[in-house]
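K.L.:
3D model of this:
(one chain, ligands or ions: 1)
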Amino acid sequence: MEIAIRVNDIEFRLVQGTKDDKPVFRHLMQLYKHDESEHNGIAPDSHGLFDYDYLDHYWTKHGIEQEGRLAFVVKAAGEIAGFAMVTNYSSFLERGDHTRSLAEFFIMRKWRRRGIGKAVAHALFRHFPAHWEVKQERTNTAAQRFWQNAISEYTNGSFKHIESTPPGHDGYIHLFQSRS
Ligand SMILES: CC(C)(COP(=O)(O)OP(=O)(O)OC[C@H]1O[C@@H](n2cnc3c(N)ncnc32)[C@H](O)[C@@H]1OP(=O)(O)O)[C@@H](O)C(=O)NCCC(=O)NCCS
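P.N.:
Next up, the predicted model:
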């Protein structure tokens, strides 16, 4: 699956990652987790690597069919610009074909603040008409502002914004319906 998007005259492609692309996600995950560590305090393991428990699940039968897992690389003129990982997991909505959630979402630093994250998010919302759940950690205020901006623009203000506290997710959650 491939989704083409254009942002300020630059052509981007959201390319679904195959099993052969797993190392790409594993490597980019290091950059993403390092960015996240500023907010959630996670540390690398004794080899200096950040672990990501669910990577393999994006290419198992169960992960794809039961958990709706799909991983996309964001590409700009053949260059890797980020990734987006989608599941059907939800804390607040019934899990299934009509539910989608952004498990992980990452735009590389050189491409940030050009509207690319927003365009990628909107393309995914359009491509997967569903009840969407998007979570942000309490301390990641940049992500909170980004999602507030991207989702309020996409839905024209028609979304729910929920605060969630432990033992569940600690932070904020946007819930809305997307259409093709
Ligand atoms: C959050 C992230 C995806 C944003 O991607 P991006 O391509 O830079 O976002 P956009 O350029 O589309 O931003 C759209 C709007 O969101 C808001 N926004 C984006 N990044 C922001 C930031 N760091 N601080 C405050 N607001 C921000 C702004 O309103 C922005 O519009 P503006 O640039 O005209 O002011 C990117 O910074 C990233 O990958 N961060 C690290 C990983 C992460 O936190 N992912 C989200 C997990 S929930």
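K.L.:
Buried by neighbour count: which residues of the host helix or strand of residue 145 qualify?
P.N.:
Following DSSP states H and E, one finds residue 145 within helix 141-155. Within helix 141-155, the residues scored as buried using 16 or more other Cβ atoms under 10 Å are 143, 144, 146, 147, 150, 151, 154, 155. Bear in mind the C-beta positions are built from the backbone N, C-alpha and C, glycine included.
K.L.:
now what about it, what contacts it?
P.N.:
117-118, 121-122, 125, 134, 136-137, 159, 161, 171-172, 174, 176-178 (Cβ atoms under 8 Å, 6 or more residues apart in numbering).
K.L.:
same thing with stretch 12-29?
P.N.:
In contact with stretch 12-29 (Cβ under 8 Å, 6+ apart) are residues 1-6, 50, 52, 55-56, 58-59, 70-76, 80-85, 104, 106, 108, 116, 119-120, 123-124.
K.L.:
7 Å - rerun?
P.N.:
For stretch 12-29, contacts defined as Cβ atoms under 7 Å, 6 or more residues apart in numbering pick out 1-5, 50, 52, 55, 59, 70-76, 81, 83-84, 106, 116, 119-120, 123.
K.L.:
which phi and psi does the residue nearest in space to the middle of the chain have?
P.N.:
Centroid-nearest residue in the chain, with Cα atoms, centre = their mean: residue 105, separated by 2.9 Å. Dihedral angles of residue 105 (phi, psi; degrees, to the nearest 10) stand at phi -150, psi 130.
K.L.:
what does residue 51 give?
P.N.:
Residue torsions, per degrees, to the nearest 10, at residue 51 are phi -90, psi 150.
K.L.:
Might you report the residue contacts of it?
P.N.:
residue 45.
K.L.:
Kind regards, and thank you for your time.
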